[in-house]
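Engineer: Have a look at this prediction, sequence included:
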Amino acid sequence: MGARLGHHRLRLRQDDHLSDRAEQTRQAFRNIEAALGQAGLTLRDVVRVRYFLTRPEDFELLGPVFGEFLSEIRPAATAIVCQLIDPRMLLEIEVTARGKPKAAPRKRPTRPTRR
């Protein structure tokens, strides 16, 4: 799964509640859950997570928030401190999930009508 940002693109403003690191983290996980759900997967299918943080001290600060979503799963994890493209983006989370997605219902091919 591609990286997920901790905001809604249309709602990201400096004074928005998503300027809070913990809230951006929770929003990123909500975005991830939604994307996984579209593929028929859940957070339980996550086997690897990468955290892209803008400050080293954020890992200790956000560890409890990561645990809200992944403590029972405990996927392989890497934290990377870097600068993100937009200064309002405080973190980015990328996950790898493995599982059997639910199959979309198969449509029966329509047969041409005979005349």
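Structural biologist: Okay, I see it.
Engineer: Who are the packing partners of the longest helix anywhere in the chain?
Structural biologist: As assigned by DSSP state H, the longest helix anywhere in the chain is helix 21-38. Helices and strands touching helix 21-38, by 3 or more CB pairs under 8 Å, 6 or more residues apart in numbering; DSSP states H and E, are strand 4-5, helix 58-70, strand 91-97. C-beta: built from backbone N, CA, C; applies to glycine.
Engineer: can you list the ones you listed in a markdown table and add distance to residue 80?
Structural biologist: A markdown table is the format used below for the helices and strands packed on helix 21-38 (distance: least, CB to CB, whole Å):
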| stretch | distance to residue 80 |
| --- | --- |
| strand 4-5 | 15 |
| helix 58-70 | 10 |
| strand 91-97 | 9 |
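Engineer: tell me, which of those is the model least confident about?
Structural biologist: Looking at the helices and strands packed on helix 21-38, the lowest mean pLDDT belongs to strand 4-5 (a mean of 54).
Engineer: residue closest to the middle of this protein?
Structural biologist: Residue closest to the mean C-alpha point of the chain, counted by CA atoms, centre = their mean, is residue 32 at 2.7 Å.
Engineer: That residue against residue 95, yeah?
Structural biologist: Yes. Checked against CB atoms under 8 Å, the pair residue 32 and residue 95 is within contact range at 5.7 Å.
Engineer: three-state assignment of residue 55?
Structural biologist: Under the three-state scheme (DSSP: H, G, I helix; E, B strand; the rest coil), residue 55 adopts coil.
Engineer: Identify the residue spatially nearest to it, adjacent ones excluded.
Structural biologist: Nearest residue to residue 55, sequence neighbours excluded (CB to CB, 6 or more residues apart in numbering): residue 81, at 6.9 Å.
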